[in-house]
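*Asks:* Sequence and predicted structure below; questions after.
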Number of protein chains: 2
Amino acid sequence: MTQPAPMLSPEAAGAGAFERLQALTAPEMARVNAEIAARMRSEHTKLIPQVAAHLIGAGGKRLRPLLTLAAAKLCGYAGDNHVLLATAVEFIHNATLLHDDVVDESARRRGRPTANTVFGPKPSVLVGDFLFARSFQLMVETGSVAVLGVLSNAAAVIVEGEVLQLAAANSLAGGEDVYFQVIRGKTAALFEAAAQAGGMVAGASAAQVAALAAYGDALGVAFQIVDDLLDYGGASAALGKDAGDDFREGKATLPVLLAFARGDAAAQAFWRRVIEKRDQRDGDLETALRLMRETGALAATRARAETHAARARAALEIFPDCPLKAALSDIAAFVVARAY
Amino acid sequence: MTQPAPMLSPEAAGAGAFERLQALTAPEMARVNAEIAARMRSEHTKLIPQVAAHLIGAGGKRLRPLLTLAAAKLCGYAGDNHVLLATAVEFIHNATLLHDDVVDESARRRGRPTANTVFGPKPSVLVGDFLFARSFQLMVETGSVAVLGVLSNAAAVIVEGEVLQLAAANSLAGGEDVYFQVIRGKTAALFEAAAQAGGMVAGASAAQVAALAAYGDALGVAFQIVDDLLDYGGASAALGKDAGDDFREGKATLPVLLAFARGDAAAQAFWRRVIEKRDQRDGDLETALRLMRETGALAATRARAETHAARARAALEIFPDCPLKAALSDIAAFVVARAY
């Protein structure tokens, strides 16, 4: 009788998970990177590859195309279309980033000035549109209307999430319901579609495709919760140098919503002032962190992320054990491990 | 023996042409308008239909979806997919308008304040993205990868045209070559795809589909030339109240490029100052108009539009005579008649 593998802590399972998944899909990702470079080109204008390369060339984890490649490979795919789809997924992601940085007037992204800062809003809007159009051209090349359906639905849902966020950004009234609607749209929809498309292109069974979609959705939700938690320094509330941006912008993210729901009348008045009225004074960020710690809001936020990460791992159960399944499962731990 | 129909002047053929084409596609356009209203809705946020309705509800001629409907009907189509495609075409057009108004910081469109003015750039960027995503969802519903290919190619070419315009806007150096590249992208590509998609959805022959594409391209080029001419008051140079915008923005449109190419050294210095350096003084617009008249640049611009309108009419020759063919042919005259 073999011993079951010992249950790893999230930190232990997460450590190196990303690198393991990268290693398992390295040849395909090299091809995705070549496609990205080729498809950024435009016959007519140098400005498009310049702006696109500024953002896409800066790297980023390529987590979303990695999901497409890994999902397709997990389902035994041996063709070429997953490379095209992974490229399309990365283009959609970067199109939304270009537009987000215009919408949010963000100055920095991936450790460098945004395209919006360097090239201005006009090229950022137009090159975002270009990447979006290119992503559909790539999908058309695969010839699969079903995959086009999944990714065009995701594109609509992403924008709906962003518009909802715009409308609800400084409001505490919507609570967790609106928060989860927003992050399902703006983040989880593309994770879900990326993983699902990988299964579809591989001709996986309906149950496997559904499992991959559920995995992507849960992973995306966990990912965004952790992102929002990290803006307050993670569960340990140790503020990094870029921390506090969400607070200064009065964003009603999960740590805020939980601290508000658990706060007494004085605390609730504080949150209304700093988030809804955006009337912020010296020391308010420190007060916010103290209230988040005292009410257990930070730990509760991390617990929500862990629940979703566990859902992601559970969704993979229908697949036979293999190194790719283990790596995808550990990625869920990796995503949450960032929050410690 | 029947007499051939007398050759009408562009003014006479153009008069009422738009209304005739509208009448011939009225039931289908009513369904397009219903689809537009239904597909602007979002489960999650009221802001999307508000912003979209501000622009699309303001009307406009719906010339592009009209082309799709008329082309499909001309090819004998009796299904439903042309309605979905025409809606998709109108959504792509309005998505580009929303983004253009952000990029150009335009204050007015279709006789009212732009969405950018009323709602701000953030909703304008995001709702443009939403309409773009919705247009692909509509195309997916038709199940035709070939049509998706045509329209996603058009979307990429549109943006390339706009980026090229951004890069070349205040430059006289590119001359007519760059000008035609820009308008083929930013305007003619969607006219072409709109007409072509109508033929494709009807299952028309390759020759008919190619003829419709050529018709749309030529019509779109004529349309944009006339638009640029009207900004200088048309061939009669009678300035309307919105005229002169392109001049103030230093846009190197066809009337400017022709007046520059035909000007003497003093005139060329004038154009370099007002267009390339954008150093404009009182009386410069009047000087510009005088130079355009004296060099024959306005008449030559109109002649270019007429050449393309004639190409559009010629492209339709392979279709058997019928009221729809006549109306589409007359639309080419209608487009140019605006320039008188």
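*Replies:* Perfect, thanks for sending it.

*Asks:* pLDDT wise, what is whichever residue of the stretch 201-340 of chain A sits closest to chain B at?
*Replies:* The stretch 201-340 of chain A approaches chain B most closely through residue A:249 (13.0 Å), counting by Cβ to the nearest Cβ. Any C-beta I mention is one placed from the backbone N, CA and C, and that applies to glycine too. Predicted confidence (pLDDT) for residue A:249: 89.

*Asks:* The helix or strand harbouring residue A:30 and chain B in contact?
*Replies:* Element membership for residue A:30 (DSSP states H and E) is helix A:26-40. No: in terms of Cβ under 8 Å from any Cβ of the partner chain, no part of helix A:26-40 sits within range of chain B; the closest distance is 9.8 Å.

*Asks:* Against which helices or strands is that helix packed?
*Replies:* helix A:47-56, helix A:63-74, helix A:81-103, helix A:121-142 (3 or more Cβ pairs under 8 Å, 6 or more residues apart in numbering or on different chains; DSSP states H and E).

*Asks:* Near chain B, which residues of the stretch 51-200 of chain A? Just list them.
*Replies:* Checking the stretch 51-200 of chain A against chain B by Cβ under 8 Å from any Cβ, the hits are A:96, A:99, A:102-103, A:121-123, A:125-130, A:132-134, A:136-137, A:139-140, A:143-145, A:148-149, A:152-153, A:155-156, A:158-164, A:166-167, A:181, A:185.

*Asks:* so who does residue A:198 touch?
*Replies:* Taking Cβ atoms under 8 Å, 6 or more residues apart in numbering or on different chains as the contact definition, residue A:198 lies against A:67-75, A:77, A:82, A:85-86, A:212.

*Asks:* at 10 Å what do you get?
*Replies:* Contacts here follow Cβ atoms under 10 Å, 6 or more residues apart in numbering or on different chains; on that basis residue A:198 touches A:65-75, A:77, A:81-82, A:85-86, A:89, A:147, A:204, A:209, A:212, A:216.

*Asks:* same thing with residue A:291?
*Replies:* Counted by Cβ under 10 Å, 6+ apart, residue A:291 has contacts A:255-256, A:259-260, A:262-264, A:266-268, A:270-271, A:297.

*Asks:* make it 6 Å
*Replies:* Shown here is residue A:291, whose contacts under the criterion Cβ atoms under 6 Å, 6 or more residues apart in numbering or on different chains are A:259, A:267.

*Asks:* Now residue A:330: closest residue in space, sequence neighbours ignored.
*Replies:* Counting by Cβ to Cβ, 6 or more residues apart in numbering or on different chains, residue A:17 is the residue found nearest to residue A:330 once chain neighbours are left out, at 3.5 Å.

*Asks:* err, residue A:262, not the other one
*Replies:* With sequence-adjacent residues excluded and distances taken as Cβ to Cβ, 6+ apart, residue A:262 is closest to residue A:295, at 3.9 Å.

*Asks:* Next, work out how far apart the one you found and residue B:233 are.
*Replies:* From residue A:295 over to residue B:233 the distance is 68 Å, taken as Cβ to Cβ, to the nearest Å.

*Asks:* What of residue A:300?
*Replies:* Distance from residue A:300 to residue B:233, counting by Cβ to Cβ: 67 Å.

*Asks:* sorry, back to before: mind checking how far the residue of the stretch 201-340 of chain A closest to chain B is from residue A:274?
*Replies:* Look at residue A:249 and residue A:274: by Cβ to Cβ, they are 11 Å apart.

*Asks:* Tell me which of the two has more neighbours.
*Replies:* A count of neighbours by other Cβ atoms under 10 Å in any protein chain shown puts residue A:274 above the other of residue A:249 and residue A:274, at 21 against 14.

*Asks:* Run a quick check on the more buried one versus residue A:283, I expect a contact.
*Replies:* No: using Cβ atoms under 6 Å, residue A:274 makes no contact with residue A:283, being 10.9 Å away.

*Asks:* follow-up on the earlier one: the residues of the stretch 51-200 of chain A next to chain B, buried ones only, as a PyMOL selection?
*Replies:* With 16 or more other Cβ atoms under 10 Å in any protein chain shown as the criterion, this PyMOL line picks the buried residues out of those:
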select buried, chain A and resi 96+99+102+103+121+122+123+125+126+127+128+129+130+132+133+134+136+137+139+140+144+145+148+149+152+153+155+156+158+159+160+161+162+163+164+166+167+181+185
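
*Asks:* what sits up against the helix or strand where residue A:228 lies?
*Replies:* Counting by DSSP H and E, the element that carries residue A:228 is helix A:206-230. Helix A:206-230 is contacted from outside by A:71, A:183, A:187-188, A:191-192, A:194-196, A:199-200, A:253-255, A:301, A:304-305, A:308-309, A:311-312, A:315-316, A:318, A:332, A:335-336, A:338-339, using Cβ under 6 Å, 6+ apart.

*Asks:* For that helix, buried residues please.
*Replies:* Within helix A:206-230, the residues that qualify as buried are A:208-209, A:211-230, counting by 16+ other Cβ under 10 Å.

*Asks:* same check, this time on stretch A:23-35
*Replies:* For stretch A:23-35, a neighbour-count test (16+ other Cβ under 10 Å) marks A:24-25, A:28-29, A:31-33, A:35 as buried.

*Asks:* Spatially nearest residue to the residue nearest the centre of chain A, not counting backbone neighbours?
*Replies:* Nearest to the mean C-alpha position of chain A, counting by Cα atoms, centre = their mean, stands residue A:187 at 4.6 Å. Take residue A:187 and drop its neighbours on the chain: the residue closest to it by Cβ to Cβ, 6+ apart is residue A:224, 4.0 Å away.

*Asks:* Tell me where chain A is predicted with low confidence.
*Replies:* In the predicted model, chain A carries pLDDT under 70 at residues A:1-14, A:235-242, A:339-340.

*Asks:* what about 80?
*Replies:* Scanning chain A with the threshold set as pLDDT under 80 gives A:1-15, A:43-44, A:57-60, A:106-111, A:234-243, A:338-340.

*Asks:* For residue A:138, list the residues it contacts.
*Replies:* Taking Cβ under 6 Å, 6+ apart, we find residue A:138 in contact with A:84, A:87-88.

*Asks:* What count of nearby residues applies to residue A:79?
*Replies:* Residue A:79 has 12 neighbours, counted by other Cβ under 10 Å.

*Asks:* and if you look at residue A:257?
*Replies:* Neighbour count of residue A:257, defined by other Cβ under 10 Å: 22.

*Asks:* ok, it - contacts?
*Replies:* Going by Cβ under 6 Å, 6+ apart, the list of residues near residue A:257 reads A:175-176, A:179.

*Asks:* Over to residue A:161?
*Replies:* Residue A:161 neighbours (Cβ under 6 Å, 6+ apart): A:182, A:185-186.

*Asks:* Which strand or helix spans the residue nearest to residue A:130 when sequence neighbours are not counted?
*Replies:* Here the nearest residue to residue A:130 in space, its sequence neighbours aside, is residue B:159; by Cβ to Cβ, 6+ apart that works out to 4.3 Å. When elements are defined using DSSP H and E, residue B:159 is found to belong to helix B:145-168.

*Asks:* What would that helix look like as CSV? C-alpha coordinates only.
*Replies:* Below are the C-alpha coordinates for helix B:145-168, written out as CSV (Å, rounded to 0.1, in the frame of the first residue of the first chain):
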residue,chain,number,x,y,z
VAL,B,145,-16.4,31.4,-39.2
ALA,B,146,-15.9,32.9,-42.6
VAL,B,147,-17.9,36.0,-41.7
LEU,B,148,-16.2,36.2,-38.4
GLY,B,149,-12.9,36.3,-40.3
VAL,B,150,-14.0,39.1,-42.6
LEU,B,151,-15.3,41.3,-39.8
SER,B,152,-12.4,40.6,-37.4
ASN,B,153,-10.0,41.5,-40.2
ALA,B,154,-12.0,44.7,-40.8
ALA,B,155,-11.8,45.5,-37.1
ALA,B,156,-8.0,45.2,-37.2
VAL,B,157,-7.7,47.3,-40.4
ILE,B,158,-10.0,50.0,-39.0
VAL,B,159,-7.7,50.4,-36.0
GLU,B,160,-4.6,50.4,-38.2
GLY,B,161,-6.1,53.2,-40.2
GLU,B,162,-6.8,55.2,-37.1
VAL,B,163,-3.3,54.7,-35.7
LEU,B,164,-1.8,55.6,-39.1
GLN,B,165,-3.9,58.8,-39.0
LEU,B,166,-2.7,59.5,-35.5
ALA,B,167,0.9,59.2,-36.7
ALA,B,168,0.4,61.1,-40.0
